[in-house]
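Colleague: show me how the following folds:
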Amino acid sequence: MSGISSITYLLLSACQFVILLRYICQVSDVNYYNPVTQSIAKLSGFLIKPFDIIGITISSYVLFILLYGFTFLKLYLPLLVNNQTYPLDSLSIIAFGYLLRDLINIYWYLIVISAVKSWFNVFVSHPIFSLIDELCEPIYKYTRSAIPSISGIDFSPIIILVILQVLEIVFIPRIFNLTSLL
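Modeller: Numbering: from 1, shown residues only. Next up is the predicted model:
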């Protein structure tokens with residue numbers, strides 16, 4: 001990667017990450033009055049301002065399409081800068097695979113942080129930990145309904161991490177392999 005394509009990739013990755021955080025917060029319907037959530041909304045507000053000007057309501061679907069667009073551009077623009085060609089239909093499938101992989105990775109880290117936080121009671125009143133709890137609790141609820149805690153030990157984070165790993169190992173490569181069918 002050249003210098004310009006590296007900077008392009010970095011800027012688009014940062015924009016994608018901010019939109020991804022806003023998408024996760026919006027889909028999970030987290031508390032807007034949390035300072036971390038407000039920071040995410042303000043950071044992403046610059047990126048979605050053109051949609052507000054046009055009059056498009058920023059729903060979860062619009063955010064997902066915008067997120068997909070940033071993921072696609074993150075892969076396409078460095079190729080364009082380096083004068084490389086790649087079929088756009090294959091690149092669109094690869095962008096979808098990368099987007100799902102990024103979602104899985106973010107939830108992986110959220111669940112790991114949530115599990116480690118439960119061991120220590122030092123900084124549990126910090127707003128970022130309440131946001132992490134709000135993002136992880138809906139997933140924990142489904143897992144706890146299927147497998148209750150045994151002797152007071154909650155195995156739901158471990159089960160969710162295993163499911164996320166299986167999705168990343170089995171499902172994501174199959175999405176990438178769809179490009180060979182085109």
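Colleague: and the helices in the chain?
Modeller: Taking DSSP state H to define them, one finds helices in the chain at 3-28, 35-54, 60-81, 88-119, 127-146, 156-166, 172-177.
Colleague: can you pull up the most central residue in this structure?
Modeller: Note on the chain: the residue nearest the mean C-alpha position is L103, at 3.3 Å, using C-alpha atoms, centre = their mean.
Colleague: just to check, that one is in contact with L20?
Modeller: Yes: taking contacts as C-beta atoms under 8 Å, L103 lies within contact range of L20: 7.1 Å. (C-beta placed from N, C-alpha, C; glycine too.)
Colleague: what sits closest to S156 if chain neighbours are left out?
Modeller: Spatially, and ignoring its direct neighbours in sequence, S156 is nearest to T143 (3.8 Å; C-beta to C-beta, 6 or more residues apart in numbering).
Colleague: so the residue nearest to the centre of the chain versus I93, what's the distance?
Modeller: Going from L103 to I93 by C-beta to C-beta, to the nearest Å gives 16 Å.
Colleague: okay, the residue at the greatest distance from the centre of the chain: pLDDT?
Modeller: Farthest-out residue of the chain from its mean C-alpha position, per C-alpha atoms, centre = their mean: S151, at 33.2 Å. What the model reports as pLDDT for S151 is 80.
Colleague: before we move on, the earlier item: could you pull up the residues touching the residue nearest to the centre of the chain?
Modeller: With contact taken as C-beta atoms under 8 Å, 6 or more residues apart in numbering, L103 is in contact with 20, 24.
Colleague: swap in L67?
Modeller: Shown in contact with L67 (C-beta under 8 Å, 6+ apart): 16, 19-20, 23, 99.
Colleague: again, but for R101
Modeller: 168, 172.
Colleague: against L161, how distant is it?
Modeller: For R101 relative to L161 (C-beta to C-beta), the value is 15 Å.
Colleague: pLDDT below threshold where in this structure?
Modeller: 1, 122-123 (pLDDT under 70).
Colleague: run the last query once more with 80
Modeller: Residue ranges of the chain with pLDDT under 80: 1-5, 81-82, 120-124, 148-149, 152, 182.
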